[in-house]
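**Q** Fold the following for me, if possible:
(chains A and B)
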2 protein chains.
Amino acid sequence: MSLIVQKYGGTSVGNPERIRNVAERIAEWRRRGDRVVVVVSAMSGVTDSLIKLAREVCAEPAEREMDMLLATGEQTTISLLAMALHAIGIPAVSLTGAQAGIVTDGRHTKAKIANLTPNQVKRHLADGAVVIVAGFQGQTMEGQITTLGRGGSDLTAIAIAAAVQAEVCQIYTDVDGVYTADPRVVPNATKIQEIAYDEMLELASAGAKVMQARAVEFAKKFNVRFEVRSSFNNNPGTIVKAETKSMEQVVVRGVSVEKNQAKVTISGVPDRPGIAAKLFQTIAEAGVNVDMIVQNVSQSGEADITFTLHRDDVKKANNITASISELSRARAVTVQEGIAKLSVVGIGMRSHSGVASSLFVALSEQGINIQMISTSEIKITVVIDEARSAEAERAVHDKFGLNVAR
Amino acid sequence: MSLIVQKYGGTSVGNPERIRNVAERIAEWRRRGDRVVVVVSAMSGVTDSLIKLAREVCAEPAEREMDMLLATGEQTTISLLAMALHAIGIPAVSLTGAQAGIVTDGRHTKAKIANLTPNQVKRHLADGAVVIVAGFQGQTMEGQITTLGRGGSDLTAIAIAAAVQAEVCQIYTDVDGVYTADPRVVPNATKIQEIAYDEMLELASAGAKVMQARAVEFAKKFNVRFEVRSSFNNNPGTIVKAETKSMEQVVVRGVSVEKNQAKVTISGVPDRPGIAAKLFQTIAEAGVNVDMIVQNVSQSGEADITFTLHRDDVKKANNITASISELSRARAVTVQEGIAKLSVVGIGMRSHSGVASSLFVALSEQGINIQMISTSEIKITVVIDEARSAEAERAVHDKFGLNVAR
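**A** Okay, the predicted model is just below:
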């Protein structure tokens, strides 16, 4: 008999029939004798229609009022799921974020959890009920309703799992785990059985969007072991947990590709202190989100600086090339689209050498040119031609033998 | 500069355009320098679709979970209305029932207000904001979300008006006041300028469904003067307030007709103590809602008992005629549909005689037969043939000179 926390996303509870299915699924765990806390998102589509309604009455809705509005989405789901459990004879109680004891700071629409005292959760569990908590929301010390921003329901589930010291935290989603690569691109990609928090974080930041990075960071901080699995089948998913010695034996855990990237190259920048600072301040003020930054110094006392950005920000970048050029006294500023970022991630890299060279060999064997390179302790990222990214993903996946399940 | 409480029903805030209209209306009051608290219902149709959703997951949803679900309806409206006010430059803050300090007992779906400490309402008013409160909802001392049942939003408005000591409480609805009779039936019916709480209550119980009786009772108890008016025009409405000496000069304030009634006559009941008690216990247990009861004793030691009920309960009544007959040793039990109740109401009746006889004359002049009579201190009700009720309403309205506005 375990205490488990389960989280179901918007697709899993997207209509009354799916809500009844989720209730059946919860009932199965309960029949084994488990005590269950369930965190749910708004039914898919609900949040979008609420946002649409808001836009119809106000061009720029205040964040406090958006929170008041959006919080109704999860509140609807929790009550419906409680009813669906009652319908099959399972005692259940729904709780809003506030009732579940989730206290946040006051940053509306992107609040951070400050404190969690799940007294009501514990009391209803002790009474034998399944406790259903509204994800994505909380309240401030002063009783203002807040929402946690993107990935907020995952965060709620992990925070509650930490607070009630659950044995298991299951994140149900529409994929059945984390894969060694995107299975739509790499047909022999395999499901990863176990992955370390840091690997999950690097994969998330590299574009593998199973979960938002902040929920994973929270889990890492409070050492909450969780499982990403599908709400549409019973397959075991991927366990995300603190790294162990044995995990290091796998050098590369997965490959990730992020498309729709662009890069800006500033060539011939005089190599003087303070230039980069001024430059990136200007870029930030223009609202351009910079991702990778690479600089190398030439012997002539001039530097080339290149950074990548999302294609959506290219227009903003184009608007400021003249001022960048003037500021940095560069010889040329060029903006180039049509590139992709390919990353290999694995904590094993720390203790294994030769990963970078294997990656470069894999790409060169396909005749794919590397335009930029950036490395962290457990990740190597290269920028390549977007048109060849699928080919590259398959070649790299093969090179590191990721098609063998482990 | 006054402090006013306004309440808008579901039709008045039924879509984004109407919400923007209500915002404009509030803005007008504010421009005069008034401080405004607004109470709103769920957008029309929202509550019904939530109930439909609930039924799709559970045949008999638990009342606690229904409250959790339905409370989202008003929460949606308050945030949208706050946004609509922001859009036209008016500072506004939305508050749930709980945040507004509405504490209720624990009777889910029909909770009673136990306590109201509107600290947040007062604080935001002091800051210069329009305060928008979710009607129909509150929370228990233990933090459970509750709803107040039918007419709950009117109740919220009147309770808040009492708690903040508002100068005016305006109940905006889709009619522009209380009329001397139903204007669809009596073309020369006039809008009543002022009406006493008790008259409003008697008219409500007689079928004039402008407001639920419990909101009026609450207003009477706390002496909250309020105005029923239309949200679609700027006409002055009807003021409902404590009675004054001058109000007694009008003998009859209004005529009200309730159709879809039926009556059950139990003839030849032995005139012994305890028979009526047993009888009406049986009837109550069968779920029949009894309205008027009339009994007259015959000289032979037998009584005839007649009671009225809504037509919807006729089937239930038919099911128990045999047991009624046996219980009461009556000679006959008959159920008759197709009747209507006509009432004249006015506090002036207390000090004026001859009202009953004028009523009877008016009906006899039309050749309309009176089947039952019942009186209270400020109301006389007769039961007549439903087919002739419109004719009767017009004749009685004329007889008491109600076509003259006053």
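**Q** all contacts plus neighbour counts: C-alpha atoms, from now on.
**A** Will do.
**Q** Following the chain onward from whichever helix or strand residue A:157 is part of, which element is next?
**A** Element membership for residue A:157 (DSSP states H and E) is helix A:152-164. Once the chain leaves helix A:152-164, the next helix or strand it forms, by DSSP H and E, is strand A:168-173.
**Q** now for that next one, which elements pack on it?
**A** strand A:3-8, helix A:152-164, strand A:226-230 (3 or more Cα pairs under 8 Å, 6 or more residues apart in numbering or on different chains; DSSP states H and E).
**Q** How about residues contacting the shortest one?
**A** Contact partners of strand A:226-230, identified using Cα atoms under 8 Å, 6 or more residues apart in numbering or on different chains, comprise A:158, A:168-178, A:219, A:235-241.
**Q** rerun at 6 Å
**A** For strand A:226-230, contacts defined as Cα atoms under 6 Å, 6 or more residues apart in numbering or on different chains pick out A:169-177, A:237-240.
**Q** Longest strand in chain A, please.
**A** Identified as the longest strand of chain A according to DSSP state E is strand A:254-270.
**Q** Mind jotting down where the helices sit in the stretch 301-406 of chain A?
**A** Assigned by DSSP state H, counting those that start in this stretch, the stretch 301-406 of chain A shows helices spanning A:314-319, A:321-328, A:355-365, A:389-399.
**Q** Only the buried residues of the helix holding residue A:157, if you could.
**A** Burial within helix A:152-164, assessed by neighbour count using 16 or more other Cα atoms under 10 Å in any protein chain shown, is assigned to A:152-164.
**Q** Now do the contacts for the residue nearest in space to the middle of chain A.
**A** For chain A, residue A:212 is the residue whose C-alpha lies nearest the centre (Cα atoms, centre = their mean; 2.0 Å). Applying Cα under 6 Å, 6+ apart, we find residue A:212 in contact with residue A:151.
**Q** Flag every residue of chain A that's near chain B.
**A** Contacts of chain A with chain B, taken as Cα under 6 Å from any Cα of the partner chain, map to A:16, A:57-58, A:61, A:65, A:68-69, A:72, A:76, A:79, A:83-84, A:87.
**Q** show me what contacts residue A:211?
**A** If you count contacts by Cα under 6 Å, 6+ apart, then residue A:211 has nothing around it.
**Q** Show me what residue of the stretch 301-406 of chain A gets nearest to chain B.
**A** residue A:316 (27.9 Å; Cα to the nearest Cα).
**Q** Please identify the most buried of the helices of the stretch 301-406 of chain A.
**A** Highest mean neighbour count among the helices of the stretch 301-406 of chain A (mean count of other Cα atoms under 10 Å in any protein chain shown): helix A:389-399, with a mean of 20.
**Q** and it, how far from the chain's centre?
**A** When C-alpha coordinates are averaged (Cα atoms, centre = their mean, to the nearest Å), helix A:389-399 and its chain have centres 23 Å apart.
**Q** quick revisit: could you export the helices and strands packed on strand A:168-173 as a markdown table, including mean pLDDT?
**A** A markdown table is the format used below for these (pLDDT from 0 to 100):
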| stretch | mean pLDDT |
| --- | --- |
| strand A:3-8 | 97 |
| helix A:152-164 | 96 |
| strand A:226-230 | 94 |
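**Q** Would you format these as a markdown table with distance to residue A:123 included?
**A** Output for these, formatted as a markdown table (distance: least, Cα to Cα, whole Å):
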| stretch | distance to residue A:123 |
| --- | --- |
| strand A:3-8 | 14 |
| helix A:152-164 | 11 |
| strand A:226-230 | 24 |
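**Q** For residue B:121, which of the ones you listed is the nearest?
**A** Residue B:121 lies closest to helix A:152-164 among these, at 29.5 Å (Cα to Cα).
**Q** Alpha carbons only: can I get the strand or helix carrying residue A:21 in PDB?
**A** In the assignment (DSSP H and E), residue A:21 maps to helix A:16-31. Output in PDB follows, covering the C-alpha atoms of helix A:16-31 (Å, rounded to 0.1, in the frame of the first residue of the first chain):
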ATOM      1  CA  PRO A  16     -16.700  13.700 -19.900                       C
ATOM      2  CA  GLU A  17     -15.800  10.400 -21.400                       C
ATOM      3  CA  ARG A  18     -12.100  10.800 -20.800                       C
ATOM      4  CA  ILE A  19     -12.800  12.000 -17.300                       C
ATOM      5  CA  ARG A  20     -14.700   8.800 -16.700                       C
ATOM      6  CA  ASN A  21     -11.700   6.900 -18.100                       C
ATOM      7  CA  VAL A  22      -9.300   8.600 -15.800                       C
ATOM      8  CA  ALA A  23     -11.700   7.800 -12.900                       C
ATOM      9  CA  GLU A  24     -11.500   4.100 -13.900                       C
ATOM     10  CA  ARG A  25      -7.700   4.300 -14.000                       C
ATOM     11  CA  ILE A  26      -7.600   5.900 -10.500                       C
ATOM     12  CA  ALA A  27     -10.000   3.200  -9.300                       C
ATOM     13  CA  GLU A  28      -7.500   0.500 -10.400                       C
ATOM     14  CA  TRP A  29      -4.700   1.900  -8.300                       C
ATOM     15  CA  ARG A  30      -7.000   2.200  -5.400                       C
ATOM     16  CA  ARG A  31      -8.200  -1.400  -5.600                       C
END
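**Q** Cheers, nothing more for now.
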